[in-house]
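Chemist: Here is my input; please provide its structure:
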Amino acid sequence: MIVDKTKAQRKRVAKGKAKKPMFITHYTISSHAPFKARPAWYAKADKPDFSALYQGEKHAEDIKDYLEMRHFTDVELGKFIDRMEKEGILNDTIVVIVGDHGQAPEADVTNTHEESVTRVVGTIIAQGRLGDAAGLMIEDAVEHYDLLNTLADITGLPEGGFVQTGVGRSLKREVPFGERVVYSNDPSRKMAIVRGHQRLRYDQIIDSVTLHDTETDHAMKVDLLSELSSEEQKKWMTWRDSGRRLAAYLSNDGMRTACSLPIVIPRTKAMIRGQYHYGNIIMKREDLYCNVMYSITRLA
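Modeler: I've put the predicted structure just below:
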């Protein structure tokens, strides 16, 4: 589709007509639990031996299915990126690849002690448009709502900016670790304010709140809020109130669980191919048990 639309775009431009940039979003459901959905040809195809990663594990069959489908996603995404490059599309397209969610502690699910469950990876590919941000890796917590600001920053804001209020920031612009506030909101469960490794847990009505350092106290048994000055406590309460208003606005279909999202912006085409063809070299295995979504923004 994107190739056909690009050809149609070129014909329009050749006739002196204006360009029509487009935005495409695609969800890859094959890598979602229970990891059984797969094309018939892939079910019969030879696959890498992943046995070293699942033998002896409690849910070995599920892990095997997951790894095979993650391999399928990697291979097909690699083919997609390569075809975009071959067709001359990649150099004027921004590709954003992210997991739709991980699992925050507030979700009351198992295995949140696994870093791979709470650290959902993502990457932004925008050749020639990132400047000094090319190759930047962000280890701080970010949210999906940051993507709008980031894409606007990459493409260039209109003079005077947008008439808009909201949350989020451009990921091209680094800030010191732990300074920015991220709202981890799932209104049907506990919610949280995340700043670096600090996590304030609260809900929509009850005044009870707890503050934890998730790096040194992963199980969140030690409440640090009482150790803060009254001024620092007030800041956290202000952020909590903002989180409640945001949750009320977005309702239950709003933001889900904010995870620490390492964003990798590849420097070279070789890095892109390595990332998607050969087992997420840059992203390693931190995307384990996370579904993948990628968006394509055509600029020209």
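Chemist: how about the helix or strand hosting residue 249: buried residues?
Modeler: In this structure, residue 249 is located in helix 230-250 according to DSSP states H and E. Buried residues in helix 230-250, counting neighbours by 16 or more other C-beta atoms under 10 Å, are found at 233, 236-237, 239-240, 243-244, 246-247. Heads up, the C-betas are built off the backbone N, CA and C, glycines and all.
Chemist: same question, stretch 82-101
Modeler: 82, 84-85, 89-90, 92-99, 101.
Chemist: again, but for stretch 69-85
Modeler: Buried residues in stretch 69-85 (16+ other C-beta under 10 Å): 69-75, 77-78, 80-82, 84-85.
Chemist: Helices - which of the residues you listed land there?
Modeler: 69-75, 77-78, 80-82, 84-85 (DSSP state H).
Chemist: Nearest to residue 42 among these?
Modeler: Nearest to residue 42 among those is residue 72, at 5.5 Å by C-beta to C-beta.
Chemist: Name the nearest residue to the closest one, ignoring sequence neighbours.
Modeler: In space, and not counting its chain neighbours, residue 72 is closest to residue 42: 5.5 Å by C-beta to C-beta, 6 or more residues apart in numbering.
Chemist: That neighbour - that's part of a strand, no?
Modeler: No. Using DSSP: H, G, I helix; E, B strand; the rest coil, the secondary structure at residue 42 is helix, not a strand.
Chemist: tell me the pLDDT at it?
Modeler: Residue 42 is assigned 93 on the pLDDT scale.
Chemist: cool, residue 77 as well?
Modeler: 89.
Chemist: Can you get me a residue count around the closest residue to residue 5 other than its chain neighbours?
Modeler: Excluding the flanking residues, the one nearest residue 5 by C-beta to C-beta, 6+ apart is residue 22, at 6.3 Å. Neighbours of residue 22 under the rule other C-beta atoms under 10 Å: 15.
Chemist: same thing with the one 10 residues further on?
Modeler: Burial of residue 32 is recorded as 17 neighbouring residues (other C-beta under 10 Å).
Chemist: where's the helix or strand encompassing residue 12 relative to the chain centroid, distance-wise?
Modeler: Using DSSP H and E, residue 12 maps to helix 2-14. Helix 2-14 sits 30 Å away from the centroid of its parent chain (C-alpha atoms, centre = their mean, to the nearest Å).
Chemist: buried ones in that helix?
Modeler: Buried-residue list, helix 2-14, by 16+ other C-beta under 10 Å: 2, 6, 9.
Chemist: out of those, who's nearest residue 178?
Modeler: residue 2 (38.6 Å).
Chemist: my guess is that closest one meets residue 92, correct?
Modeler: No. If you go by C-beta atoms under 8 Å, residue 2 and residue 92 don't touch, sitting 11.3 Å apart.
Chemist: quick one: the spatially most central residue of the chain from residue 26, how far?
Modeler: With distances taken as C-alpha atoms, centre = their mean, the chain has residue 98 as the residue nearest its mean C-alpha position (3.6 Å). Distance of residue 98 to residue 26, given as C-beta to C-beta, to the nearest Å: 12 Å.
Chemist: and what of residue 244?
Modeler: Distance from residue 244 to residue 26, by C-beta to C-beta: 33 Å.
Chemist: do residue 82 as well
Modeler: Taking C-beta to C-beta, one finds residue 82 at 17 Å from residue 26.
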